[in-house]
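# Need the 3D shape of this:
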Amino acid sequence: MAAHRAGVILSCLLAISILCILAACVIGSAEVSFGDLLEGLRALVSGTPGSLAATLLDLRLTRALTAFVTGGTLALAGVMMQALLRNPLADPYVLGVSGGAAVGALFAMLFFASLWVVDLAAFGGAIAVALLLFLLAYRDLRGGVVEGNASLLLLTGVIVASGCGALVTLILSIAPDSRLRGMVFWMIGDLSGASWRWLPFFVLAGALLFSIKVARAINVLALHADVAATLGIQVNSLRQGLFVCAALLTASAVSTAGSIGFVGLIVPHACRFALGADHRLLLPSATLVGGTFLVLADTIARSILAPQQLPVGVITALIGVPIFLLQLHHMHRR
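Residues are numbered from 1 along each chain as shown. Model (predicted):
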């Protein structure tokens, strides 16, 4: 019965995700009818040059898929970070990996680098900070006292994030005025320059497969952290795997779309509140819901003041703040 329920829930969430992606392809400053949508899809599948509708569909579909993979990545990383740190306020950016990405991206922008160089610099900065954190907290990740070690890891991440924040402020203070707008938009989170790339999908698929494989162990770690090792759980390997996957997911998301807030914080809580705390269902559900949420937020960002486009990070924050406050209210009542 439990497996049947999980299958039904995931099937419904997948169907909703597909519908939202198709809706994102239709909605915009230039309308695309359902007939034009079908024609554009046929043109894209066949590889033949199409009409204006097919061109719009290509651009919007690329952006919608990028939004979906970014949102799913952030939500999955949020679930992993909350399980790793056993802290309900943990999100993908709590350890400062996004700060490393910001330093790399802004440094590249400062020297008028091309878009692919900015993406590469952001990914490299995030990985560099993740490696630094892993080296500084390696003993904590291997330790046996989970609560104390999680606090030390969190404190280490906060200190590293503060250092990255200082470097970001320094770069912004010396940047020319012609570059400041692009830098600020990148830091808020923006999908206007999204282009098709396979790496985020590979990173998300690999991390999701790993997380589903160890979902039972994550359940034990989350509920009985102090005695998980006595129950046959390889706590050291599990915590290191969660850390590495969460860092890779965060690096992938930030290098793709900048620092988009609240997705990795509110989506795991919403799914946990609605579906329960079983990570076998929570992990894939949060991935689908996070992707759908960011697709909807990006559709609003590029449509509400069309043809002007807003940073999607602003929309996620405006939606995320009241939702998170509502979640806190319900959690307090329960």
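
# which is the next helix or strand following the worst-scoring helix or strand of the chain on mean pLDDT?
Ranked by mean pLDDT, DSSP states H and E, the helix or strand of the chain with the weakest confidence is helix 138-142, at a mean of 61. Using DSSP states H and E, the helix or strand that follows helix 138-142 in sequence is helix 146-174.

# what about Leu275, how many neighbours?
Using other Cβ atoms under 10 Å, Leu275 has 17 other residues around it. No exception for glycine: its C-beta is placed from N, CA and C like everyone else's.

# Kindly report the same for Leu59.
14.

# Regarding it, which helix or strand does it belong to?
Using DSSP H and E, the element containing Leu59 is helix 52-85.

# what angle do the following helix or strand past that helix and helix 52-85 make?
The helix or strand immediately downstream of helix 52-85 is helix 97-110, counting by DSSP H and E. On the basis of axes from the mean of the first three to the mean of the last three Cα atoms, to 10 degrees, helix 97-110 is oriented at 140 degrees to helix 52-85.

# Quick one: mean pLDDT for helix 97-110?
Helix 97-110 comes out with an average pLDDT of 87.

# again, but for stretch 71-79
Rounded mean pLDDT across stretch 71-79 is 94.

# in the helix or strand hosting Ala270, what's buried?
Using DSSP H and E, the element containing Ala270 is helix 263-275. Buried residues in helix 263-275, counted by 16 or more other Cβ atoms under 10 Å: Val263, Gly264, Leu265, Ile266, Val267, Pro268, His269, Ala270, Cys271, Arg272, Leu275.

# now stretch 160-174
Buried-residue list, stretch 160-174, by 16+ other Cβ under 10 Å: Val160, Ala161, Cys164, Leu167, Val168, Ile171, Leu172.

# what does stretch 59-76 give?
60-76.

# shaky segments in this structure?
1, 29-38, 40-41, 43-56, 138-151, 223-232, 331-334 (pLDDT under 70).

# Can you tell me the centre-most residue of it?
Centroid-nearest residue in the chain, with Cα atoms, centre = their mean: Leu74, separated by 1.7 Å.

# Please name the residues that touch that residue.
Leu74 is in contact with Pro92, Leu249, Thr250, Ala253, Ile260, Val263, Gly264, Val267, Gly290, Leu294, counting by Cβ atoms under 8 Å, 6 or more residues apart in numbering.
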